[in-house]
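Student: Turn this into a structure:
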Amino acid sequence: MYQHEEQVYRLIFENSIQGMALRQGEKIILVNQRIADMMGYTIEELLQLEGEKALSLFPPSEHPALRARYQQVLAGQYEHRFLRKDGTIGWCTAAISTIQYQGEVAVLYTYLDTTERKRLLSDLITNASLPIAMGYADGRIGITNPAFWNLTGYTEEELQHIAWNTHLTPPEWQAHEAAQLDHINRTRQPARYEKEYVRKDGTRVPIELLVHPQVDEDGQITSYFAFITDITQRKHSESELLESEAVLRATLNAVTESVILVDADGTILTLNDTAAHRFGRQPHELIGATAWDMHPEQLATARFNKFQQVLATGRAVQFEDQRENTWFDTSFYPAFDAEGKVMRVVIFARDITERKQAQQSELAYTLEKERGQILKNFIRQASHEFRTPLSTINTSAYMIQKTNDLDLKEHHTRTIKEQTKAIGTLVNALMTMVRVDSAQALATETISLTDLLTIIVQTRHEALHAKRLHHTVHIPDHPLVVQGNMQYLQQAIECLLDNAIQFTPDGGTITITLDSTMGSLGESAAIRIKDTGVGIRDADLPFIFDRFFRADKVGTTRGFGLGLTIAKAIIDQHRGFIEVVSIPGAGSTFTIHLPVA
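Tutor: Residues are numbered from 1 along each chain as shown. As a prediction, this is how the structure comes out:
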């Protein structure tokens, strides 16, 4: 049986493409021609090597590891160098296993010559400008390149006698590296990490390693390939950056304005002490929070909308707002990435409470002076406007008592009614002004401007006819709808139309147009009232909406100077505006713009 078994083994040995050797005890009992060719020996010479003599087939640096495997029969696959008879060195992958041969335990060695593959790899590594090294789990250093030699200060030969995990790696980095390798061993995936090397001269160099595990056919990691980058310059730059950041932080903390840096999501990245203290917190407590979380809801919404505006337009915004009893002058400045997209926003906020209080005091004083002036104007205008109709009423009442002429009595009675109506109109105007000044919210409804204009023109038909005024109305077929207060909007439009009727000479023309436009309000309804009246002087145009303003300074033209003021106040309350174009002697055009519903 053993003879047949030996024949089978010899047949396998003789036909294998791998070098093979069989050892029992201290003696090599069987080798094949392939291993003899690899080593440069004859089969007979190899069979003469017993015990420690077999180590002569390998470089001295490999002896400790080989001796351990030899003595303990550590089964597995290993990569190491071998020493040919002519003194040259080759590389091989060796596999060790135990078998039964002729009824006794034997150790089978198989060797795959990887010298050529290693040579090609070595050529690639040697010519690489990046330091590259191969290391084994037991600490041995395999292939390295000149860039690695220059980095560490060791020669290639010297590296064969030191361990990468103890000699090259400082003690304080060894636990960190062991954890990284453990991760690589578990995931079988490359990993990138930093550490330091100790050079031959004792100096240290910071490095970054990209480590790739080398796995055999059984999925076992046999070695690690590391691509190494000297990060001395990067570490120096990082140190300078940290130093400049410290200087920047000291500078930021020295300013009295709040400075906050947020990302595109509004998350606080950094802030100075002033900003943190205004929220009653420390800077580190606010890092990572959303910038709007510390504000009341209404203020947070307003600031968030400004923030969104900066992100959308890429332009800075400046505004004033109030938090509790403190006023701030706030600016949002965009910071862009390489592609021109807003990636950060810097928020500056300056406490302007003292300035605001001073302005309010000044404003209160100015308002008090204006109230006095307004009261003076009111008394002057009222004395004129009320004196004339009251005097007329008094005269007419006297004449009614003194005359027996019925026609004359009827004339004076009619005069009294007209003057009473004029006084009622003035009182109504004053009451309307009071209601508008109160800034109370108006009750609103959906209003068809098409229908409203039709009604207004009909109510002014008699006044237009009395002055023989030609009037045309251009109203679209489809309804233009706004949200507003019907009574107030009608009063505002009537004020402008009455103005046009009053200041257009007999036989003149008034054109009323309704259409839609696009402008600062988005889509809006435009009501144009154009006349061929006396027009308005350029010097008077800026003041025509001022309360009690009258172009007729001597008061020969009836009016209280409130009509245009009331119209503008009403349109303002409806989030619209009035536009005026006028040519003296040729006429005026008043255009009301209202946002459509």
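
Student: Tell me which stretches of the stretch 301-450 of the chain form strands.
Tutor: 317-323, 326-336, 342-351, 445-448 (DSSP state E, counting those that start in this stretch).

Student: Pipe those strands into CSV and attach mean neighbour count per row.
Tutor: Bear in mind the C-beta positions are built from the backbone N, C-alpha and C, glycine included. Rendered in CSV, the data for these read as follows (neighbours: other Cβ atoms under 10 Å):
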stretch, mean neighbour count
strand 317-323, 14
strand 326-336, 17
strand 342-351, 18
strand 445-448, 14
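
Student: So for Leu55, which of those sits nearest?
Tutor: strand 342-351 (63.6 Å; Cβ to Cβ).

Student: elements contacting the closest one?
Tutor: strand 258-263, helix 297-313, strand 326-336 (3 or more Cβ pairs under 8 Å, 6 or more residues apart in numbering; DSSP states H and E).

Student: If we use 10 Å, what do you get?
Tutor: Counting contacts by 3 or more Cβ pairs under 10 Å, 6 or more residues apart in numbering; DSSP states H and E, strand 342-351 packs against strand 258-263, strand 268-271, helix 273-278, helix 297-313, strand 317-323, strand 326-336.

Student: okay if I get those as a markdown table plus distance to Pro476 and mean pLDDT?
Tutor: Output for these, formatted as a markdown table (distance: least, Cβ to Cβ, whole Å; pLDDT from 0 to 100):
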| stretch | distance to Pro476 | mean pLDDT |
| --- | --- | --- |
| strand 258-263 | 48 | 88 |
| strand 268-271 | 52 | 88 |
| helix 273-278 | 54 | 86 |
| helix 297-313 | 34 | 89 |
| strand 317-323 | 38 | 87 |
| strand 326-336 | 42 | 89 |
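
Student: Nearest to Asn185, out of the strands of the stretch 301-450 of the chain?
Tutor: strand 342-351 (38.8 Å).

Student: now the strands of the stretch 301-450 of the chain as JSON lines including distance to Tyr111?
Tutor: Supplementary listing: the strands of the stretch 301-450 of the chain in JSON lines, determined by distance: least, Cβ to Cβ, whole Å:
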{"stretch": "strand 317-323", "distance to Tyr111": "76"}
{"stretch": "strand 326-336", "distance to Tyr111": "62"}
{"stretch": "strand 342-351", "distance to Tyr111": "59"}
{"stretch": "strand 445-448", "distance to Tyr111": "95"}
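
Student: Among the ones you listed, which comes closest to Glu172?
Tutor: Relative to Glu172, the nearest member of the strands of the stretch 301-450 of the chain by Cβ to Cβ is strand 342-351, separated by 36.2 Å.

Student: Kindly format the C-alpha coordinates of the closest one as PDB.
Tutor: Backbone C-alpha positions of strand 342-351 (Å, rounded to 0.1, in the frame of the first residue of the first chain) are rendered in PDB as follows:
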ATOM      1  CA  VAL A 342     -23.900  81.000  -2.000                       C
ATOM      2  CA  MET A 343     -22.500  78.500   0.500                       C
ATOM      3  CA  ARG A 344     -22.300  80.700   3.600                       C
ATOM      4  CA  VAL A 345     -23.900  83.800   5.000                       C
ATOM      5  CA  VAL A 346     -22.200  86.200   7.400                       C
ATOM      6  CA  ILE A 347     -24.600  88.100   9.700                       C
ATOM      7  CA  PHE A 348     -23.600  91.400  11.300                       C
ATOM      8  CA  ALA A 349     -25.900  93.000  13.800                       C
ATOM      9  CA  ARG A 350     -25.200  96.300  15.600                       C
ATOM     10  CA  ASP A 351     -27.200  97.500  18.600                       C
END
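
Student: now the angle from it to strand 326-336?
Tutor: Using axes from the mean of the first three to the mean of the last three Cα atoms, to 10 degrees, the inter-axis angle of strand 342-351 relative to strand 326-336 is 160 degrees.

Student: Just give me the neighbour total for Glu194.
Tutor: Neighbour count of Glu194, defined by other Cβ atoms under 10 Å: 16.

Student: Also Lys369?
Tutor: Applying other Cβ under 10 Å, we find 10 residues neighbouring Lys369.

Student: Also Gln298?
Tutor: The number of residues packed near Gln298 is 9, by other Cβ under 10 Å.

Student: cool, and the one 10 residues further on?
Tutor: The burial count assigned to Gln308 is 11, neighbours taken as other Cβ under 10 Å.

Student: Return the distance of it relative to Ile347.
Tutor: For Gln308, the distance to Ile347 (Cβ to Cβ, to the nearest Å) stands at 14 Å.

Student: Over to His176?
Tutor: With Cβ to Cβ as the criterion, His176 and Ile347 are 39 Å apart.

Student: And for Gln491?
Tutor: According to Cβ to Cβ, Gln491 and Ile347 sit 45 Å apart.

Student: Same question for Tyr197.
Tutor: With Cβ to Cβ as the criterion, Tyr197 and Ile347 are 45 Å apart.

Student: which one in the protein is furthest away from the centre?
Tutor: When distances are taken from the C-alpha mean of the chain, Asn404 lies farthest, 89.4 Å away, according to Cα atoms, centre = their mean.

Student: what about the stretch 51-200 of the chain, any weak spots by pLDDT?
Tutor: Of all residues in the stretch 51-200 of the chain, those with pLDDT under 70 make up the ranges 70-76.

Student: the strands in the stretch 51-200 of the chain, which residues?
Tutor: So, for the stretch 51-200 of the chain - with DSSP E, counting those that start in this stretch - the strands run 76-83, 89-101, 104-113, 132-135, 141-144, 191-198.

Student: Take the ones you listed and write them to a markdown table, including distance to Met39.
Tutor: As requested, the strands of the stretch 51-200 of the chain are exported to a markdown table (distance: least, Cβ to Cβ, whole Å):
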| stretch | distance to Met39 |
| --- | --- |
| strand 76-83 | 7 |
| strand 89-101 | 9 |
| strand 104-113 | 9 |
| strand 132-135 | 23 |
| strand 141-144 | 20 |
| strand 191-198 | 36 |
